[in-house]
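Novice: Everything below, folded, please.
(one chain, ligands or ions: 1)
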Amino acid sequence: MQIEGSVALVTGANRGIGHAIALALLENGATKVYAAVRRPETVTDPRLTPVKLDVTNPDDIAKAAELAQDVTIVVNNAGMSGVEAQLLNGPLSVAREVMETNVFGPWEVARAFAPTLSRNGGGALVNVLSVASWWTSGTMPGYAASKAAAWSLTNALRVGLPQTLVVGVHSGFVDTEFSAAVTAPKITAEDLAAQTVKALLEDRTEVLADRFTTDTRAALSGAIEDVLAVRPY
Ligand SMILES: NC(=O)c1ccc[n+]([C@@H]2O[C@H](COP(=O)([O-])OP(=O)(O)OC[C@H]3O[C@@H](n4cnc5c(N)ncnc54)[C@H](OP(=O)(O)O)[C@@H]3O)[C@@H](O)[C@H]2O)c1
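Specialist: Here you go, the predicted model:
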């Protein structure tokens, strides 16, 4: 699809991957990028148009969809890890919050913006997922379950919105606050943003951003033990 002349809305665009994707869209000719964030005052970049949107708040989503009727690209990026909820201990309430943020939030955003995207010619819906859509460990079961569910939702959107280019972005660790405690190799948010924009320009529906992710994806047709044995490089 063409990014030149497009109007985008990116959730969680005040920092991290969302900010990098917002800038990459502008650099590729988007005329406006709405930064859809919980606290508009955290959008300090003057090139972005702040919009209040907590993805767990249906009223915020409805109001943003009412306001941003010119969008042609919607990026579901906002997310949380909820690592406090470990497999056998830690609060399950946090894992529930992760589901609200990483699954039901993007679902509600997709529902709210589907009519606008359709009216504007189809456009694109980008869901920022993870290698954790397919890979997991005892330290992030709730997060991985949310990204597996969000991947399934992405597939449903691929079927249910045939006019819209639905892109799933999968990667291992990315160097943001989100993964600050991780010592494994990371790619930069700018690298992931560039790969996402390239997929949009080439009408590709999937980004597999690093070797951890491509190896995991390739292992899916084999034994499940081989999937879980893949490690970050
Ligand atoms: N970093 C990684 O290693 C990695 C790897 C694969 C996939 N991802 C995915 O990439 C996406 C972005 O992660 P990141 O690394 O950029 O993380 P980050 O730096 O921690 O940023 C998270 C963003 O999500 C926003 N957010 C969280 N909950 C929200 C809510 N309820 N409503 C609206 N916005 C909310 C945050 O807003 P506030 O500023 O208001 O908190 C922030 O803008 C996530 O979906 C994550 O799962 C990350």
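
Novice: how many other residues sit next to L87?
Specialist: 12 (other C-beta atoms under 10 Å). Any C-beta I mention is one placed from the backbone N, CA and C, and that applies to glycine too.

Novice: mind listing what the closest residue to it other than its chain neighbours touches?
Specialist: Among residues not flanking L87 along the chain, G138 sits closest, at 4.3 Å (C-beta to C-beta, 6 or more residues apart in numbering). Taking C-beta atoms under 8 Å, 6 or more residues apart in numbering, we find G138 in contact with Q86, L87, L88.

Novice: Over to G138. Which of the three states is it?
Specialist: Applying DSSP: H, G, I helix; E, B strand; the rest coil to G138 yields a three-state assignment of coil.

Novice: What separation do you get for it and T213?
Specialist: Using C-beta to C-beta, to the nearest Å, one gets 20 Å for the distance from G138 to T213.

Novice: which of the contacts of G138 lies closest to the ligand?
Specialist: Q86 (17.4 Å; C-beta to the nearest ligand atom).

Novice: Check whether the closest one really touches P141, as I assumed.
Specialist: Yes: between Q86 and P141 there is a contact under C-beta atoms under 8 Å: 7.4 Å.

Novice: So between these two, which is more surrounded?
Specialist: Taking neighbours as other C-beta under 10 Å, Q86 and P141 compare with P141 leading, 20 against 16.

Novice: What sits closest to that one if chain neighbours are left out?
Specialist: Spatial nearest neighbour of P141, excluding adjacent residues (C-beta to C-beta, 6+ apart): L87 at 4.8 Å.

Novice: Are we agreed that that neighbour is in a strand?
Specialist: No: under three-state DSSP, L87 falls outside any strand and is assigned coil.

Novice: Pull the contacting residues for it.
Specialist: Contact partners of L87, counting by C-beta under 8 Å, 6+ apart, are G138, T139, P141.

Novice: sorry, back to before: how near is the residue nearest to L87 to A148?
Specialist: From G138 across to A148, the span is 15 Å (C-beta to C-beta).

Novice: Brilliant, that's me finished.
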